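Peer 1: Sequence and predicted structure are below.
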Amino acid sequence: MKGLQQARLGGILLPLLLLFSQPVGADDFEVMDAQVTLKNDIYHLNGTIRYPLGSELSEALHQGVVIPIKVIIEVYTPNRYLPETEVAFLKQRYELRFHALTRQYVVINHNSSVSNNYGSLAHALQRLGEIKNLPIIDQNLLEEGVEYRLRIRAAINTGRLAIPLRLTSYFYGPWRNESEWWDLPLKEPLTPS
């Protein structure tokens, strides 16, 4: 009897697990490249992020769903034995929309209030993925002799989704899309010579 109950429970849980699991694959956001440059005492970030939407997100976009995207940038000091110390935290917020009447894709940067229109989804996603000369932190705020690192990731900003989609995003894969962290040195510690 107990084995029969376990089999029934497995017959219910397995399909639910498969339904709500997110496959790892080609539809994941990905930070392709990132570099830091120093100009006039300010560290700037340049990079490229790939935003494949996949069929479900693309269909939702064309049905009028706004896709909010966030790019998280952290400056931190690594520590071998203790937790890392966060020095700076930036969140770049974007929206991707499709305007059905004009057949234009709209990318809105909420940090700068700049909005751009594109004739194709591929072009909109390409431009959305370009990070150019984004100011990160003033070098005068960083201590000499301390190692600093920067990491960046991109994700769908599930907290900005419409409420019904927000609930779905907790369980359904395509709405939980986020990249892995891309980590790079910001400032190396000085070594005595």
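Peer 2: Now that the structure is in, tell me what you want to look at.
Peer 1: can we go C-alpha only for contacts and neighbour counts from here?
Peer 2: Noted.
Peer 1: worst-scoring helix or strand of the chain, pLDDT-wise?
Peer 2: helix 2-20 (a mean of 45; mean pLDDT, DSSP states H and E).
Peer 1: what element comes up after it heading to the C-terminus?
Peer 2: On the C-terminal side of helix 2-20, the closest following helix or strand by DSSP states H and E is strand 30-39.
Peer 1: Can you tell me which helices and strands the helix or strand following that next one packs against?
Peer 2: Helices and strands here follow DSSP H and E; after strand 30-39, the next one along the chain is strand 42-50. With contacts taken as 3 or more Cα pairs under 8 Å, 6 or more residues apart in numbering; DSSP states H and E, strand 42-50 sits against strand 30-39, helix 121-128, strand 130-138.
Peer 1: If we use 6 Å, what do you get?
Peer 2: strand 30-39, strand 130-138 (3 or more Cα pairs under 6 Å, 6 or more residues apart in numbering; DSSP states H and E).
Peer 1: if you skip the residues just before and after it, what's nearest to the residue nearest to the spatial centre of the chain?
Peer 2: Computing the C-alpha centroid of the chain and ranking residues by Cα atoms, centre = their mean puts Ala154 first, at 1.1 Å. Ranked by Cα to Cα, 6 or more residues apart in numbering and with sequence neighbours excluded, the top spatial neighbour of Ala154 is Val71, at 4.4 Å.
Peer 1: partners of that neighbour in the sheet?
Peer 2: Beta-bridge pairing of Val71, defined through DSSP bridges, involves Gln92, Ala154.
Peer 1: That one: how many residues sit nearby?
Peer 2: Neighbouring residues of Val71 were enumerated by other Cα atoms under 10 Å; the total is 20.
Peer 1: Give me the pLDDT value at it.
Peer 2: Note on Val71: pLDDT of 98.
Peer 1: Quick check, it in contact with Gln92.
Peer 2: Yes - applying Cα atoms under 6 Å as the test, Val71 and Gln92 come out as touching, 5.0 Å apart.
Peer 1: okay, stretch 57-70 in CSV with CA atoms only?
Peer 2: As requested, C-alpha coordinates have been extracted for stretch 57-70 and formatted as CSV (Å, rounded to 0.1, in the frame of the first residue of the first chain):
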residue,chain,number,x,y,z
LEU,A,57,9.5,35.5,-24.3
SER,A,58,9.5,36.6,-27.9
GLU,A,59,5.8,35.7,-28.2
ALA,A,60,5.0,37.5,-24.9
LEU,A,61,6.8,40.6,-26.2
HIS,A,62,4.8,40.6,-29.4
GLN,A,63,1.6,40.2,-27.4
GLY,A,64,2.3,43.4,-25.5
VAL,A,65,4.2,42.2,-22.5
VAL,A,66,6.9,44.6,-21.3
ILE,A,67,10.2,42.7,-20.5
PRO,A,68,12.1,44.5,-17.7
ILE,A,69,15.8,43.7,-17.7
LYS,A,70,18.4,44.6,-15.0
